[in-house]
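Visitor: quick one, structure for this:
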Amino acid sequence: MAEVRIVTGVIETAALEAQVARDVHGGICAFIGQTRRHSRGRNVAYLEYDAYVPMAEKMLRRIAEEAEGRWGCAVAIQHRIGRVDIGEASVVVAVSAPHRAEAFEACRFCIDTLKETVPIWKREVCADGTYWIEGERAIPSEPAALP
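Guide: I've put the predicted structure just below:
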């Protein structure tokens, strides 16, 4: 059964990989999304994530269970909310499957579907302001100062 959680602390990738390990599975694939220093031509100080936690966890479970059904794999997903500093993981998807192809496909399905559908919001905090991230767009989170 899939293990999914929204967390406020550090995500332990090795622990998620251990959760999905099965002696009948030959491959484990993990995707780790981490905070990068540069984005859209700006220096990022850190990220802030927010979520509607009950709905986000429900949707993460659906995604994980769909992957498990389609690829015969085991899935664990954690997404962090709150402040996430440079180099820290904001999301980890761990998948084990009988073969590497299924592990890769299921892992990609989980992260892509999560990014498209789960109610989690990202804000980049930069020297020149803060920006809500919507797909590839950065939207200033504070209205521009009036003259």
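
Visitor: and Glu65, that one's in a strand?
Guide: No. Glu65 is assigned helix when assessed by DSSP: H, G, I helix; E, B strand; the rest coil, not a strand.

Visitor: who's in contact with the closest residue to it other than its chain neighbours?
Guide: The shortest distance from Glu65 to any non-neighbouring residue, by C-beta to C-beta, 6 or more residues apart in numbering, is to Ala2 (5.4 Å). Just so you know, the C-beta spots here come from the backbone N, C-alpha and C atoms, and that holds for glycine as well. Contact analysis of Ala2 by C-beta atoms under 8 Å, 6 or more residues apart in numbering lists Arg61, Ala64, Glu65, Ala67, Glu68, Ala74, Val75, Ala76, Ile77.

Visitor: and the fifth one, how many residues sit next to it?
Guide: When you say that, I think you mean Glu68. 19 (other C-beta atoms under 10 Å).

Visitor: what ranges does the protein have for its helices?
Guide: Residue ranges of the helices in the chain, as given by DSSP state H, are 13-20, 53-71, 100-117.

Visitor: tell me which of those sits nearest to Gly27.
Guide: Closest of the helices of the chain to Gly27 is helix 100-117, at 4.0 Å (criterion: C-beta to C-beta).

Visitor: for the most centrally placed residue in the chain, list each beta-bridge partner.
Guide: Residue closest to the mean C-alpha point of the chain, counted by C-alpha atoms, centre = their mean, is Val91 at 2.9 Å. Counting by DSSP bridges, Val91 forms beta bridges with Gly33, His79.
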